[in-house]
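Peer 1: Sequence first, then the predicted structure, then my questions.
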Amino acid sequence: MARFEHTVTVAALDRAWFEEAAGAMVGLLDASREREGAILLPDGRPVDGLRLLKGRHLQAGARYGGPPREPGAGGVPEGRGTGAGDAPGAREAAVLREWRPSRSIEVETVLEEAPLSVRMRIRLRDPSAPRTLELSLSGHNPQGGSLYRFSGRGKADLAAWWAAVDRPHTAPPAARPPVSGRAVHRLGKARLTVTPRPAEDGSWQVSVVLAVRGRWLLRPVGAVALFFARGPLARSFREAVETSAGEWNAALAESTPSHGEALRAELADALTEPPGPAPASA
């Protein structure tokens with residue numbers, strides 16, 4: 001088994017603002033309505049890139065996707081590429097499994113892009129003041145064997161996260177990581193944990209641990225491969241964690257938290273305005 005660990009310092013997120021923003025977003029969507037497939041917010045503006053494809057809006061079984069493409073637009077041949085996927089032949093849709101804003105929201109997304117089919121479920125408990133986020137993922141190649149199958153599960157216990165960062169900075173870290181995930185493939189297993197603790201200056205110190213091991217008869221082979229690849233893998237792991245921390249810090253540094261009606265207006269704009277162009281590469 002190989003174990004990689006790296007700790008980064010990130011800016012703290014204000015809990016009160018986060019829960020207010022979550023409640024405002026759920027409220028906007030709960031008050032939305034459907035008209036001719038378009039999803040309209042209370043102010044009448046349509047949500048960008050989202051349409052009702054089947055079922056009743058905000059009812060279990062409702063199926064959503066992107067706007068229909070014109071034949072041949074964006075390099076997508078006619079009759080292929082329905083939904084939000086940008087690649088030729090990609091099909092993406094989201095199915096609402098549960099919508100109870102006071103208790104739980106669950107959404108299942110399906111992405112089919114040759115040669116893979118990927119299915120993911122996300123469940124948010126107590127959406128107006130989120131306590132738990134659960135994720136499950138599975139994928140396979142319909143024309144392939146077991147080597148093309150994988151699955152994973154993850155959970156973020158937000159109540160435990162807030163409890164961990166509300167402790168004195170001199171206290172030991174939480175005994176149980178608030179964020180954890182597992183991935184399984186025929187060749188191996190991986191487990192990821194994320195544990196925060198408060199820093200003296202009010203920021204968060206976040207420790208990320210990744211453990212990887214082979215399965216069954218492949219364990220000896222995997223152990224040898226990990227022995228020789230350990231250095232490059234450790235560097236890649238550290239770089240990935242540092243990059244994620246940098247993006248988090250940059251996002252918080254560029255934002256000015258708003259509240260009340262200003263926050264609702266900001267979220268409504270984010271839902272209805274198309275995303276800007278991607279920054280040009282150097």
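Peer 2: That came in fine, so what should we check first? Numbers count the residues shown, from 1 in each chain.
Peer 1: Quick one: low-confidence residue ranges for the stretch 151-282 of the chain.
Peer 2: 215-230, 276-282 (pLDDT under 70).
Peer 1: quick one, helices of it?
Peer 2: Under the criterion DSSP state H, counting those that start in this stretch, the stretch 151-282 of the chain contains helices at 158-165, 219-254, 260-272.
Peer 1: try the stretch 1-150 of the chain
Peer 2: Using DSSP H, counting those that start in this stretch, helices in the stretch 1-150 of the chain cover 15-30.
Peer 1: Nearest spatial neighbour of Leu112, chain-adjacent residues omitted?
Peer 2: Not quite, residue 112 is Glu, not Leu. Closest residue to Glu112 apart from its sequence neighbours, by CB to CB, 6 or more residues apart in numbering: Arg91 at 4.6 Å. For the C-beta atoms, the positions are set from N, CA and C on the backbone; glycine is no exception.
Peer 1: so that neighbour sits right up against Leu111, yeah?
Peer 2: Yes - using CB atoms under 8 Å, Arg91 is in contact with Leu111, at 7.3 Å.
Peer 1: and the helices of the stretch 151-282 of the chain as JSON lines, adding distance to Leu210?
Peer 2: Output for these, formatted as JSON lines (distance: least, CB to CB, whole Å):
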{"stretch": "helix 158-165", "distance to Leu210": "19"}
{"stretch": "helix 219-254", "distance to Leu210": "6"}
{"stretch": "helix 260-272", "distance to Leu210": "32"}
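Peer 1: Just give me the neighbour total for Gly202.
Peer 2: 10 (other CB atoms under 10 Å).
Peer 1: my guess is it contacts Ala12, does it?
Peer 2: Yes - Gly202 is within contact range of Ala12, at 5.9 Å (criterion: CB under 8 Å).
Peer 1: re earlier: put together JSON lines for the helices of the stretch 151-282 of the chain, with mean neighbour count and distance to Leu41 on each row.
Peer 2: Formatted as JSON lines, these follow (neighbours: other CB atoms under 10 Å; distance: least, CB to CB, whole Å):
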{"stretch": "helix 158-165", "mean neighbour count": "18", "distance to Leu41": "26"}
{"stretch": "helix 219-254", "mean neighbour count": "13", "distance to Leu41": "24"}
{"stretch": "helix 260-272", "mean neighbour count": "15", "distance to Leu41": "6"}
